[in-house]
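>>> Sharing a sequence plus its predicted fold:
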Amino acid sequence: MAAKSTGRTSGKNPPSTAGRSTSRPSSGGSGTGGGGSRRSQQSRSGGAGGGPRGAGGGARGPGGRGGNFRATEPPTRYGWGLAIGAFLLPVLFLPTLSWTAVAPKAAVLWVLTGAGLPFLVLLALGLGPARGSFTRTWGARAAVGFVVVAGIATVLSKAPLHSLVGGYTNMTGLLFFAGLAACWALGTGIGTPDRRLVENAIIWAAALNAVVG
């Protein structure tokens, strides 16, 4: 019985113990290796997915508005010209040439009028920035009609020359009303950088008038 029990014990227990000890490390090793491989794959997939996302986030730019948004786009020469005119129109004063501040400002307005009236006609014809825009086209046509009515009133006036240029101390003539329509036409269709530049010029001109006046 002792020999049989020893034989059973030596015959059964050692293989089962060896089998268990061999199978557990192998299963544990495969589990650990599988977990490691899965984690490495997840980290690789996460890194690969995070790379384009990060690149896409960088391409979107500030505000996440897409890659087409350009926050540093500079103003154009046309915008600089409008900004200079918008700044000089309310602040220009030459005391050595005229005792009133209206005459230098009227000179700036006449320059803007000569540049803007052809552009106003272009808008009224539905061309340029008014192409495909109902509001811009009919806005320009309304402005042209306003200037035409003012021109008819100037011709029929008892003092056509005075009605044309207005008084020396005020601007109430045909050129003034034509200048209003021309300035509107010049500012139609400008881009965001140019618009911001013109707005800043008007704000600085108003601040300068407030300080000096």
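Perfect, thanks for sending it.

>>> CA atoms for contacts and neighbours, from now on please.
Fine.

>>> What is the burial count for Glu73?
Glu73 is flanked by 10 other residues according to other C-alpha atoms under 10 Å.

>>> Any stretches of the protein with poor pLDDT?
By pLDDT under 70, the low-scoring segments of the chain are 1-71, 98, 213.

>>> can you tell me which residues contact Thr188?
Taking C-alpha atoms under 8 Å, 6 or more residues apart in numbering, we find Thr188 in contact with Pro129, Arg136.

>>> What does it show for phi and psi?
phi -80, psi 130 (degrees, to the nearest 10).

>>> From Gly173, how far out is it?
24 Å (C-alpha to C-alpha, to the nearest Å).

>>> ditto for Leu164
5 Å.

>>> Kindly report the same for Ala205.
Distance check for Ala205 against Gly173: by C-alpha to C-alpha, it reads 24 Å.

>>> what do you get for Ala83?
In terms of C-alpha to C-alpha, Ala83 sits 24 Å off from Gly173.

>>> which other helices and strands contact the strand or helix carrying Leu117?
Per DSSP states H and E, Leu117 falls inside helix 102-124. Applying 3 or more C-alpha pairs under 8 Å, 6 or more residues apart in numbering; DSSP states H and E, one finds that helix 102-124 makes contact with helix 77-91, helix 134-155, helix 174-186.

>>> Buried residues of the first one, list them for me.
By neighbour count, with 16 or more other C-alpha atoms under 10 Å as the criterion, the buried positions of helix 77-91 are Gly79, Trp80, Leu82, Ala83, Gly85, Ala86, Phe87, Leu88, Leu89, Pro90, Val91.

>>> so can I have TSV of the residues you listed showing distance to Ala142?
As requested, the buried residues of helix 77-91 are exported to TSV (distance: C-alpha to C-alpha, whole Å):
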residue	distance to Ala142
Gly79	25
Trp80	27
Leu82	23
Ala83	25
Gly85	24
Ala86	23
Phe87	27
Leu88	27
Leu89	24
Pro90	26
Val91	29
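
>>> any idea which of the residues you listed is closest to Ala124?
Leu82 (20.6 Å; C-alpha to C-alpha).

>>> Setting aside sequence neighbours, what's the nearest residue to that closest one?
Excluding the flanking residues, the one nearest Leu82 by C-alpha to C-alpha, 6 or more residues apart in numbering is Val198, at 6.5 Å.

>>> Identify the residue nearest Ala140 in space, chain neighbours excluded?
Excluding its sequence neighbours, the residue lying closest to Ala140 (C-alpha to C-alpha, 6+ apart) is Ala124, at 4.8 Å.

>>> Surely that neighbour and Gly145 touch.
No. Judged on C-alpha atoms under 8 Å, Ala124 makes no contact with Gly145 at a distance of 10.0 Å.

>>> Which one of the two is surrounded by more residues?
Neighbour totals were compared for Ala124 and Gly145, and Ala124 leads with 22 against 12 (other C-alpha under 10 Å).
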